[in-house]
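K.L.:
below is the structure, and that's it, no one-letter string:
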């Protein structure tokens, strides 16, 4: 079993990156396009939500397709850290009690993706074969 997991680990990682990129992208599309639909949507955001939504769309798409993945994931990780400390941490010290669990999870998932790179299922692995499939 260990040999099977090891042999396919880079593909499992690529699926991890794709799923997190897609979910992050949806946060941005919901802010700008109300997709997926929310009855709480109040129109195109302005100010910090506009900046956040833009980062979510651009970085989410780049992470999803695996293009400039490390850079995009680093920016996304930083955005999630800012979101946590600006919007969640003032309500309490622990993510479980202040509603910031998702922000913390995204922050560290993107930090991992930034350190790991694109993986084999990516545009980076096609454009720059020596960068996209680099193991740990």
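P.N.:
Okay, I see it. Just so it is clear, the model here is predicted, and its values are computed rather than measured.
K.L.:
flag the shaky bits of this protein, pLDDT-wise.
P.N.:
Within the chain, the stretches with pLDDT under 70 are 1-5, 131-136.
K.L.:
so which bits of the top helix by length along it are buried?
P.N.:
If you go by DSSP state H, the chain has its longest helix at helix 2-33. Across helix 2-33, burial judged by 16 or more other C-beta atoms under 10 Å covers 10, 13-14, 17-18, 20-21, 23-25, 27-32. For glycine as for every other residue, the C-beta is placed from the backbone atoms N, C-alpha and C.
K.L.:
also stretch 45-57?
P.N.:
Those would be 52-53, 55-57, for stretch 45-57 by 16+ other C-beta under 10 Å.
K.L.:
one more: stretch 59-71?
P.N.:
So, applying 16+ other C-beta under 10 Å, buried residues of stretch 59-71: 59-70.
K.L.:
any chance of those residues in CSV, plus secondary structure?
P.N.:
Below are the buried residues of stretch 59-71 laid out as CSV (DSSP: H, G, I helix; E, B strand; the rest coil):
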residue, secondary structure
59, helix
60, helix
61, helix
62, helix
63, helix
64, helix
65, helix
66, coil
67, coil
68, coil
69, helix
70, helix
